[in-house]
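> What would the 3D arrangement of this be:
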Amino acid sequence: MMQLYFAATSAYVRKVMVCATVLGLADEIEPLDSAAHPIERDERIATFNPLAKVPALRTESGLCLYDSRVICEYLNA
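As a prediction, this is how the structure comes out:
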């Protein structure tokens, strides 16, 4: 199962979730709440995303993606 690190207030996370829902992939994504904040980094996310921002997607194969456009392209492929 893919893991999506999110913050409830992020419009970019909502964009990814809408994309996943439209593509019928929402059930394959486990949402993981993060401490991401516009000013402070979430060190847990920083281990695989140098920007330490959400959304960040970890695939089943271990591939880590960040940036909502990149994640949506991956889901649509």
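> Who is Leu32 paired with across the strands?
On the basis of DSSP bridges, Leu32 is bridged to Tyr5.
> how many neighbours does Thr47 have?
Neighbourhood size, Thr47 [other CB atoms under 10 Å]: 10. (Each C-beta comes from the backbone N, C-alpha and C, glycine too.)
> let's have the chain start at 51 instead
With the count now opening at 51, the last piece we talked about shows up as Thr97.
> the helices in the protein, which residues?
61-72, 93-96, 118-126 (DSSP state H).
> mind checking which of these is nearest Ser84?
Ser84 sits nearest to helix 93-96 of all the helices of the chain, at 5.8 Å, using CB to CB.
> neighbouring contacts of that closest one?
Identification of contacts with helix 93-96 by CB atoms under 8 Å, 6 or more residues apart in numbering yields Tyr55, Ser84, Ala85, Ala86, Ala102, Lys103, Val104, Ala106.
> residues contacting Pro105?
Leu54, Tyr55, Phe56, Ser60, Tyr62, Val63, Val66, Tyr116, Ser118, Ile121.
> What of Tyr116?
Contact analysis of Tyr116 by CB under 8 Å, 6+ apart lists Asn99, Leu101, Lys103, Pro105, Ala106, Leu107.
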